[in-house]
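*Asks:* fold the following, please.
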Amino acid sequence: MEIFGEEHVESFVRDGFVKVTIGSREQGEAAQALLWRQIGLSPDEPEGWREPVVWAADMTGQGPFGELVRSPALAAGLDALCGKGGWQPRGAAGNIPIRFPRRPPADDRGWHLDANAPQPDGSWGVTARSHSLLVLMLFSEVGELDAPTRVRAGSQRDSLGALDDGEVYHYVRAGALVDEASKDRPVALATGSPGDAYLVHPLTVHAAHEHLGDRPRFMAQMPFMLTEPLDPAADTPLGRALR
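*Replies:* Okay, here's the model as predicted:
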C-alpha cells in the first residue's frame, strides 16, 4: 500500500488535491461488480447503456466498499492533511454516479464547490469555512477520455478570496463566483485505477467531464466531515493550502 508522505502533503498544499492509492485493484473491481449488479446493467452489453449518468449507492459499508472507505492508507492521508482527530470516519461510500459514453452528455458539468455547510433546516450551502473535505474514490480504470473529474490546480486560494468569510451561499451562486475567480488556473484530470483516491481541498474548484471514451466510469464522491470548520490560519495542510 502506498505510504502518504511529505511529497503528498506538499502536493496537496500547492495544488489543492492529491492522488493516493488506498486499496488494491481487486477491491476496487469487486466494488464495481457490485455496482453493475445494483443498476441492472452489464459491462458486456453496451446496448443497454442508455443514459449518460446512472446513480448507484453504498449505504451499508459492507464488503469492498467498507474496506476502501476504512482503508488505513486513506486514514493516514486524512490524518496528515486534517490533523489527527481533525476528521470524522465514514461508514459507507454513499451516492455513486456512474458515467457512460452516451450523447448528449449530462448537463451537470459546471465548475463548482461541493456543498459543505449543513444548515439548521437540513439543507446544505457553500461556505469558505467548510465543514467537510472531498474524497474521490475510483472503482474503474479512468483515462483522459473516461469522464475524469476536472480540477483547477491551486484554485482553493481563489475560492477563499471569492467567498465572503462567514457567508453561506447557494451552491449555484458560489459556483459562479469561484468559476470566475479561478478561470485562469491550469486544469488537471483525476485519472487513475481501481483502488486510487483523490483527496480534494474543500475550496478546490472542480467539475464533471464529458465522457469521450468507451468504458463506463465508476467513482464515489464522498464528503468526510471535519471536526472543526476549516480555518485558513490553521497550521495544518488544510490551512496552509490557502496561504
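
*Asks:* where do the helices sit along the protein?
*Replies:* In the chain, the helices defined using DSSP state H lie at 6-15, 25-39, 63-69, 72-82, 155-162, 171-181, 237-240.

*Asks:* can I get these in CSV with mean pLDDT?
*Replies:* CSV is the format used below for these (pLDDT from 0 to 100):
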stretch, mean pLDDT
helix 6-15, 98
helix 25-39, 99
helix 63-69, 98
helix 72-82, 98
helix 155-162, 99
helix 171-181, 98
helix 237-240, 98
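
*Asks:* tell me the centre residue of this structure?
*Replies:* The central residue of the chain, meaning the one whose C-alpha is nearest the mean C-alpha position (Cα atoms, centre = their mean), is residue 136 at 3.3 Å.

*Asks:* for that one, give me the pLDDT.
*Replies:* At residue 136, the predicted lDDT confidence score is 99.

*Asks:* shaky segments in this structure?
*Replies:* Across the chain, residues meeting the criterion (pLDDT under 70) sit at 1.

*Asks:* recalculate using a threshold of 90.
*Replies:* Judged by pLDDT under 90, the chain has its weakly predicted residues at 1-3, 102-109, 166.

*Asks:* how near is the residue lying farthest from the centre of it to residue 147?
*Replies:* Note on the chain: the largest separation between a C-alpha and the mean C-alpha position, by Cα atoms, centre = their mean, falls on residue 47 (29.1 Å). According to Cβ to Cβ, to the nearest Å, residue 47 stands 20 Å off from residue 147. Just so you know, the C-beta spots here come from the backbone N, C-alpha and C atoms, and that holds for glycine as well.

*Asks:* same question, residue 99
*Replies:* Residue 99 sits 4 Å away from residue 147, going by Cβ to Cβ.

*Asks:* residues in contact with residue 211?
*Replies:* If you count contacts by Cβ atoms under 8 Å, 6 or more residues apart in numbering, residue 211 has them with 52, 99-102, 105, 145-147, 217.

*Asks:* mind listing the residues bridging to it?
*Replies:* When assigned by DSSP bridges, residue 211 has beta-bridge partners residue 146.

*Asks:* when you give positions from now on, start the count at 17
*Replies:* Sure thing, new numbering starts at 17, so read that last one as residue 227.

*Asks:* now for residue 244, how many residues are close by?
*Replies:* Residue 244 sits with 13 neighbouring residues when counted by other Cβ atoms under 10 Å.

*Asks:* find the nearest non-adjacent residue to it, please.
*Replies:* Once its chain neighbours are removed from consideration, residue 244 has its nearest residue in residue 102; the separation is 7.1 Å (Cβ to Cβ, 6 or more residues apart in numbering).

*Asks:* let me see the contact set for the one you found.
*Replies:* Residue 102 neighbours (Cβ under 8 Å, 6+ apart): 94-95, 242-244, 252, 254.

*Asks:* ok, it to residue 242 distance?
*Replies:* Between residue 102 and residue 242 the distance is 6 Å, computed by Cβ to Cβ.

*Asks:* what is in contact with these two at once?
*Replies:* Common contacts of residue 102 and residue 242, defined by Cβ under 8 Å, 6+ apart, comprise residue 254.

*Asks:* before we move on, the earlier item: so which of the contacts of residue 102 comes closest to residue 44?
*Replies:* Nearest to residue 44 out of these is residue 94 (Cβ to Cβ; 18.7 Å).
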